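Student: got a predicted model here, sequence first, then my questions.
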There are 2 protein chains.
Amino acid sequence: MGVASRLLDVLAAFDGTDLTLTDIARRARLPLTTAHRLVGELAAWGALERAQDGRYRIGLRLWEVGALAPRGLGLRERAMPFLEDLYEVTRQNVQLAVLDGRDAVYVERLSGRGAVNVITRVGGRLPLHATGVGLVLLAHAPPDVQEAVLAAPLLRFTDRTVCRPDELRRMLAEVRRTGVAVSDGQIELVALSVAAPVRGPRGEVVAALSVVVPADGGEAQLYVPVVRAAARGISRALGG
Amino acid sequence: MGVASRLLDVLAAFDGTDLTLTDIARRARLPLTTAHRLVGELAAWGALERAQDGRYRIGLRLWEVGALAPRGLGLRERAMPFLEDLYEVTRQNVQLAVLDGRDAVYVERLSGRGAVNVITRVGGRLPLHATGVGLVLLAHAPPDVQEAVLAAPLLRFTDRTVCRPDELRRMLAEVRRTGVAVSDGQIELVALSVAAPVRGPRGEVVAALSVVVPADGGEAQLYVPVVRAAARGISRALGG
DNA sequence: GACGGGCCTTCCGCGGAGCGGAAGGATGGA
DNA sequence: TCCATCCTTCCGCTCCGCGGAAGGCCCGTC
């Protein structure tokens, strides 16, 4: 209800592909005429752009505004040097994520040519209980978020995904104790991730950092020190 | 005029710092009450977030939507591997920018620890006539954009900034002829940038890539091949 | 080349949603 | 305690956004 929500629904209708006006109207559940007017205003401002074929896409102006989000590019900017270091050392996927609602949102990802293929995308979301970064974020999340996640059904990705609440609770305690999370084959059997918390000035966990490597050897422990070091580096850069 | 523009004005009021409601109302030239309602709706949706002290900042949801912009993260995603290569070889600032209106908008920037400090920021804008990427973009821009830029007064950054239209015209011709632009001390005296065009599937110039290095030696030519190679690599990745 | 089906765009009158002035908390500094 | 600043709630008037209807435009089909 309200103007804003209608407008934002229009924006939320996009998924990365170009959309026709009718697509937008359908997805946003708006009458065609209404969609037409809203889209027209958004395009006039630059929040949407038109492709040569007349379809609409998210515009650069909106990207610019989004780039001002402290938890988006702001965080990324400060973390980047450490992510690059970590990437150069490991030559594997390096990921940075933050908590939003009951999801982990991926803020940055560096992936080498030879690295494991992962399903994440910058700007994408994954549930908290199965990924390395998710476990870290969940382990340090406010109690109500933890309870909400534990109470809801836990989506299974592979047969190694931890879906039992009591088992997950134990894992979270372990993550808090050791300061590191290891998610072994819980999203894809071939991948394993090692994650550590990034803390803000007041010691709160503001993000999580991980490396995703092939799940063949038992070498996960090898990555623990370097991931932890990078995470601490970022925390320091944030003023922690 | 219209709902959308009011809402977008609220978003455009932000500049990276947290704002109080009154700040927003003042910047967007809206009555406090109106701003209050709009901001409330935006915050409820997640486009804005509140800091602990009650101030507002751009929210993660908006960043997520912005991340869907093809000319923003879409382009960045494909270009990233080449930017990293270029960065590793040069250890200097590597920048990727696109044309919007009469500005160059910086889509990505990798900066080494020891590299020259540059004033650009991801998501930021600079005029076209003085930077390396700007010259490349301007040289291949539609005629009306070129004329508009050449007709308007050209902002002077240093005493090496090219501000005379005829001189600028000559430079643009040179950029088109050689396929490379060199901006020497035109933004800051201590910095020099070498830029090359990135082309889309149809051969149109969709972005520009540059390396910013210290302006001490006459070694600009040294960087030309590697910048050009990286730009061609990205063009190929885009389907050109 | 006439026809039909998607799309997009313009027009316009009705109704309710948004507008913003006024007043009342909340907070913090002098 | 008083004042200043900022935030929030309330409410009635008006104006602006709403969306149905109708008409172009384009394309593939018969």
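Tutor: Nice, I can see it.
Student: what's the top helix by length along chain A in contact with?
Tutor: Assignment by DSSP state H gives helix A:220-237 as the longest helix of chain A. When contacts are defined by CB atoms under 8 Å, 6 or more residues apart in numbering or on different chains, helix A:220-237 is touched by residues A:78-79, A:81-83, A:85-86, A:89-90, A:179-180, A:182, A:184, A:192, A:194-200, A:207-211, A:213. Where C-beta positions appear, they are placed from N, C-alpha and C, glycine not excepted.
Student: pLDDT on it, on average?
Tutor: Helix A:220-237 comes out with an average pLDDT of 95.
Student: from the chain's centroid, how far away is that helix?
Tutor: In terms of CA atoms, centre = their mean, to the nearest Å, the centre of helix A:220-237 is set 19 Å apart from its chain centre.
Student: swap in stretch A:42-49?
Tutor: How far stretch A:42-49 lies from its chain's middle: 26 Å, per CA atoms, centre = their mean.
Student: what's the answer for stretch A:99-116, then?
Tutor: Using CA atoms, centre = their mean, the distance from the centre of stretch A:99-116 to the centre of the chain it belongs to is 5 Å.
Student: end-to-end on it?
Tutor: Criterion CA to CA, to the nearest Å; first-to-last residue distance in stretch A:99-116 is 24 Å.
Student: burial count for A:Arg6?
Tutor: Each residue near A:Arg6 was counted by other CB atoms under 10 Å in any protein chain shown, and the total is 18.
Student: and it, what does it touch?
Tutor: Applying CB under 8 Å, 6+ apart, we find A:Arg6 in contact with A:Ala28, A:Leu30, A:Thr34, A:Leu38.
Student: doesn't it belong to a helix?
Tutor: Yes - in this structure, A:Arg6 lies within a helix as judged by DSSP: H, G, I helix; E, B strand; the rest coil.
Student: distance check, it against DNA strand D.
Tutor: For A:Arg6, the distance to DNA strand D under the criterion CB to the nearest atom of the strand, to the nearest Å works out to 5 Å.
Student: local confidence estimate at that residue?
Tutor: In this model, A:Arg6 is scored at 89, pLDDT.
Student: and it, how close does it get to B:Gly240?
Tutor: A:Arg6 sits 39 Å away from B:Gly240 when distances are taken as CB to CB, to the nearest Å.
Student: what's the answer for A:Val180, then?
Tutor: From A:Val180 across to B:Gly240, the span is 43 Å (CB to CB).
Student: higher neighbour count, those two?
Tutor: More crowded of A:Val180 and B:Gly240, by other CB under 10 Å: A:Val180, with 23 against 15.
Student: any idea how far the most far-flung residue of chain A relative to its centre lies from A:Val118?
Tutor: Largest separation from the mean C-alpha position in chain A: A:Thr33, at 34.9 Å (CA atoms, centre = their mean). Shown here: A:Thr33 relative to A:Val118, a distance of 42 Å by CB to CB.
Student: ditto for A:Arg236
Tutor: Taking CB to CB as the criterion, A:Arg236 is separated from A:Val118 by 27 Å.
Student: so which of these two has more stuff around it?
Tutor: Using other CB under 10 Å, the more surrounded residue of A:Arg236 and A:Val118 is A:Val118, with 20 against 13.
Student: what sits against the residue farthest from the centre of chain A?
Tutor: Applying CB under 8 Å, 6+ apart, we find A:Thr33 in contact with no residue.
Student: what's the pLDDT at it?
Tutor: The per-residue pLDDT reported for A:Thr33 equals 91.
Student: now it: how far from DNA strand D?
Tutor: A:Thr33 sits 4 Å away from DNA strand D, taking CB to the nearest atom of the strand as the criterion.
Student: helix or strand for that residue, which one?
Tutor: helix A:32-45 (DSSP states H and E).
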